[in-house]
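Student: Next input, structure requested:
(chains A, B, C and D)
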Number of protein chains: 2
Amino acid sequence: MVNTPHCTEEKILEAAKKIFHRKGYDGTRMQEIADEAGINKALLHYYFRTKENLFNAVFQDAFKDIFSRLFLTVGSDDPLEEKLGKMINEYIGFLQKNSFIPGFILSEINQNPDKIIDVFHSVPVQPLFLYEKLRDSMRDARIENVDPRDLFINVLSMCIFPVVAKPLLKVIFNFSEKEYDEFIEKRKKELPEFIMNAITKK
Amino acid sequence: MVNTPHCTEEKILEAAKKIFHRKGYDGTRMQEIADEAGINKALLHYYFRTKENLFNAVFQDAFKDIFSRLFLTVGSDDPLEEKLGKMINEYIGFLQKNSFIPGFILSEINQNPDKIIDVFHSVPVQPLFLYEKLRDSMRDARIENVDPRDLFINVLSMCIFPVVAKPLLKVIFNFSEKEYDEFIEKRKKELPEFIMNAITKK
DNA sequence: ATTAGGTTTAACCATATAGTTTAACCAAAC
DNA sequence: GTTTGGTTAAACTATATGGTTAAACCTAAT
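Tutor: Sure thing, here's the model as predicted:
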């Protein structure tokens, strides 16, 4: 009772994340999660009654991770240029360390689009709020020729896609693992400039 | 023997695409494909011996579709600005009509990165060639401050991500299906300008 | 009319998998 | 030392699923 009450639950959750993130709901076996957590299947069902329960916990966490991290960078009160720089740097950094999460979320959402709405309520920050923060700092910076929603999506695209498509892009450009990481590192520096250029009038 | 020799095979392949694209390998049932094709399971295995065979055919086709379509637009000899305009317009249009393909490819590749190399040989055009064509037209347009690979990835990101993340972005911005499509339509016009701005020196 | 090949039906096999159950174990709390 | 609750082991259930098989059917070509 004192031993490992919520520690085991945590262990299970970590193991479940590792497997679910890589293999998705359908590709994941409860036995594999149990093995990864170093426990047996019975205990797995003792904590999370069903596969769906466990999956929902994992999915919700992933969703929260992605959005709360985005909030930290976009939600700040910095002026636009700094905000973009921070967002791109920190967010890409976060994505690199959690490279399976965006693909996991996107593919699960495509397979079950209705599920989003439920999960959205569990996220502490409303994404629309992020857009409003971005819109305000664009107004402050006198950027008027670009729809803030477009900018939001463009920045997100250029941060997330290279992570999601990494295995593909590596092959296309003949990058080794190390070369690709260096390439991304270079991007972190150049992307803010690319974007500021794009939205600033000549 | 005359009746429907390759017509049935085609029917199966179409049905398989429909299911595989939406549900991925693990989420797909052979029975469901048979139902979708209006035939029975026995005939399915008569044409494609195994699930893996059928999947490979579908995956290879998806891969070809994505890259040959990209080739049509990026591989042209138009000057940079026109090339970008065409690419963005036509490629996004293609993606809209085949909105499950990019997500399908990305998630399957993440789950089985080794498989890419095999599939790559089946693609009629080497993707590196696309990059070279882009690099050449950038040189012609005197764009020197941007790595062609970055531009390639940025354009691809901004074309593909909004399609892959559509269910998510719809919820974030409170878009109806129709509103989202109109939003994408607007993007088609504005994206080329956004990108030309980004890479042109002030 | 016979043949051949696509097609159906339906039963069948082997295996995998989510989830359950039961008995036993063990360590800490009482 | 007894109780309690987390934990294990192992067997088990029910079901789903990929794949096979065999017999019969139907239609067009011969």
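Student: Can you give the distance of the lowest-mean-pLDDT helix or strand in chain A from its chain's centre?
Tutor: Here the helix or strand of chain A ranked lowest by mean pLDDT, DSSP states H and E is helix A:115-122, holding a mean of 84. With Cα atoms, centre = their mean, to the nearest Å as the basis, helix A:115-122 stands 15 Å off its chain's centre.
Student: check whether it contacts chain B.
Tutor: Yes: using Cβ under 8 Å from any Cβ of the partner chain, helix A:115-122 reaches chain B at A:I116, A:I117, A:F120. C-beta coordinates here come from the backbone N, C-alpha and C atoms, glycine included.
Student: got it, and stretch A:128-139?
Tutor: Yes: part of stretch A:128-139 sits near chain B under the criterion Cβ under 8 Å from any Cβ, namely A:L128, A:Y131.
Student: So for that stretch, what gets flagged as buried?
Tutor: Buried residues in stretch A:128-139, counting neighbours by 16 or more other Cβ atoms under 10 Å in any protein chain shown, are found at A:L130, A:Y131, A:K133, A:L134, A:R135, A:S137, A:M138.
Student: Residues in contact with that stretch: which ones?
Tutor: Contact with stretch A:128-139 is made by A:70-71, A:74-76, A:78-80, A:83, A:146, A:148-149, A:151-152, A:199, B:172-174, as judged by Cβ atoms under 8 Å, 6 or more residues apart in numbering or on different chains.
Student: Quick one: buried ones out of these?
Tutor: Neighbour-count burial (16+ other Cβ under 10 Å) is assigned, among the contacts of stretch A:128-139, to A:70-71, A:74-75, A:80, A:83, A:146, A:148-149, A:151-152, A:199, B:172-173.
Student: Measure how buried A:G38 is and give me the count.
Tutor: Each residue near A:G38 was counted by other Cβ atoms under 10 Å in any protein chain shown, and the total is 10.
Student: OK, contacts around it?
Tutor: Contacts for A:G38 (Cβ under 8 Å, 6+ apart) come out as A:K11.
Student: Which member of the buried residues of stretch A:128-139 is positioned nearest chain B?
Tutor: Nearest to chain B among those is A:Y131, at 7.0 Å by Cβ to the nearest Cβ.
Student: Relative to DNA strand C, how far out is the closest one?
Tutor: Between A:Y131 and DNA strand C the distance is 37 Å, computed by Cβ to the nearest atom of the strand, to the nearest Å.
Student: And A:S107, by the same measure?
Tutor: Going from A:S107 to DNA strand C by Cβ to the nearest atom of the strand gives 17 Å.
Student: C-alpha coordinates for the helix or strand that residue falls within, PDB please?
Tutor: If you go by DSSP states H and E, A:S107 is part of helix A:100-111. The C-alpha trace of helix A:100-111 is given here as PDB (Å, rounded to 0.1, in the frame of the first residue of the first chain):
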ATOM      1  CA  PHE A 100       6.400  10.500 -32.300                       C
ATOM      2  CA  ILE A 101       3.800  12.600 -30.700                       C
ATOM      3  CA  PRO A 102       2.700  14.800 -33.600                       C
ATOM      4  CA  GLY A 103       2.400  11.800 -36.000                       C
ATOM      5  CA  PHE A 104       0.600   9.900 -33.300                       C
ATOM      6  CA  ILE A 105      -2.000  12.600 -32.700                       C
ATOM      7  CA  LEU A 106      -2.500  13.300 -36.400                       C
ATOM      8  CA  SER A 107      -3.000   9.800 -37.500                       C
ATOM      9  CA  GLU A 108      -5.300   8.900 -34.600                       C
ATOM     10  CA  ILE A 109      -7.400  12.000 -35.200                       C
ATOM     11  CA  ASN A 110      -7.700  11.100 -38.900                       C
ATOM     12  CA  GLN A 111      -9.000   7.700 -37.900                       C
END
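Student: is any part of that helix close to chain B?
Tutor: Yes: legend: contact between helix A:100-111 and chain B by Cβ under 8 Å from any Cβ is shown at A:F100, A:G103, A:I105, A:L106, A:S107, A:I109, A:N110, A:Q111.
Student: Going by neighbour count, which of these comes out on top?
Tutor: Counting neighbours by other Cβ under 10 Å, A:G103 leads the residues of helix A:100-111 next to chain B with 25 neighbours.
Student: Now do the contacts for the residue lying closest to A:I101 once chain neighbours are set aside.
Tutor: For A:I101, ignoring the flanking residues on the chain, the nearest one in space by Cβ to Cβ, 6 or more residues apart in numbering or on different chains is A:A62 at 5.0 Å. By Cβ under 8 Å, 6+ apart, the residues touching A:A62 are A:K17, A:H21, A:I101, A:F104, A:I105.
Student: Cheers, nothing more for now.
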